[in-house]
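*Asks:* I'd like to go over a predicted model; first the sequence, then the structure.
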Amino acid sequence: MAYRHIGCCTMRKILAVGVMLGGAIALSFPTMSSRAIAQETCPNASHIASTTTRIVQLQQFGVQISIPENFRTMARQDSSVSILSPQEFNHIQCLNQGIPVLGTELESEDFRLLENPEGLSALEYAKDAAVQDNTPGYFASDTICIQTIDDVEVVMREISAGYDIAYAWYRLNDTENLVQISAFTKDDLLDLLGRTQFIGTPSDQI
């Protein structure tokens, strides 16, 4: 396969169906009992991002990010971290309480630490994302975008597995590990990277 490397790319907005799985977040939606179904559905929460921002540090991933004041970060049991809008956070709270939610589509942005025993670069890892190309319903774009942010090479690629997700990878400072970022669209991913600053990783966080 021939790969196209470009410094940055803008992509069409993609409508994805269902929740983000695999490299993205995987939520376990509880089975609703008849009693829960009879309850009122989850109340709507504002999905409008605040114009006021704040800085959150994700030291385990070597970054700090500017996010809207009303957004939240949520650490998950697999050590990944999700950035959630008020509406997404509200849906998760309702689901955890067994309250029915109208629609379970989440568009969070997620950071995940990947083991990298072969010591692959971010670019090599992005290329290897194509190994499942022969799997039915699975497609990895042959377009690879590369950006350098604060002297860190960040590699981006879109992958489809019944729904489309944009991924970025970079090597964690002074380690063999890779960090994977996922977002619902390439536009969302580029916007997130534009609000990301690399700060290094303290040795006690590795």
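*Replies:* All right, it came through fine.

*Asks:* quick one, what contacts W169?
*Replies:* Residues in contact with W169 (Cβ atoms under 8 Å, 6 or more residues apart in numbering) are L114, A122, Y125, A126, V154, V155, L178, V179, Q180, I181. For the C-beta atoms, the positions are set from N, CA and C on the backbone; glycine is no exception.

*Asks:* which of these are buried?
*Replies:* Neighbour-count burial (16 or more other Cβ atoms under 10 Å) is assigned, among those, to A122, Y125, A126, V154, V155, L178, V179, Q180, I181.

*Asks:* average pLDDT across the top helix by length along the chain?
*Replies:* As assigned by DSSP state H, the longest helix anywhere in the chain is helix 86-96. Helix 86-96 comes out with an average pLDDT of 84.

*Asks:* residues of that helix that come out buried?
*Replies:* Buried-residue list, helix 86-96, by 16+ other Cβ under 10 Å: P86, Q87, E88, F89, N90, H91, I92, C94, L95.

*Asks:* just to revisit the earlier point, possible to save the contacts of W169 as a markdown table with distance to V56?
*Replies:* Formatted as a markdown table, those follow (distance: Cβ to Cβ, whole Å):
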| residue | distance to V56 |
| --- | --- |
| L114 | 21 |
| A122 | 23 |
| Y125 | 25 |
| A126 | 26 |
| V154 | 18 |
| V155 | 23 |
| L178 | 21 |
| V179 | 15 |
| Q180 | 18 |
| I181 | 14 |
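
*Asks:* biggest separation within these, which pair?
*Replies:* Using Cβ to Cβ, the two most remote members of those are L114 and V154, lying 14.1 Å apart.

*Asks:* Just the C-alpha atoms of stretch 145-158, please, in CSV.
*Replies:* Written as CSV, here are the backbone C-alpha positions of stretch 145-158 (Å, rounded to 0.1, in the frame of the first residue of the first chain):
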residue,chain,number,x,y,z
CYS,A,145,-1.2,13.4,8.4
ILE,A,146,1.8,14.6,10.4
GLN,A,147,2.1,17.6,12.6
THR,A,148,4.9,18.8,14.8
ILE,A,149,3.7,20.3,18.1
ASP,A,150,6.2,21.6,20.6
ASP,A,151,8.9,19.5,18.9
VAL,A,152,6.7,16.3,19.2
GLU,A,153,5.8,14.5,16.1
VAL,A,154,2.0,13.7,16.0
VAL,A,155,0.7,11.3,13.4
MET,A,156,-3.0,11.2,12.4
ARG,A,157,-5.1,8.7,10.6
GLU,A,158,-8.8,7.9,10.1
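
*Asks:* mean confidence score for stretch 149-165?
*Replies:* The model assigns stretch 149-165 a mean pLDDT of 83.

*Asks:* buried stuff in that stretch?
*Replies:* Under 16+ other Cβ under 10 Å, the buried positions of stretch 149-165 are V152, V154, V155, M156, R157, E158, I159, A161, Y163, D164, I165.
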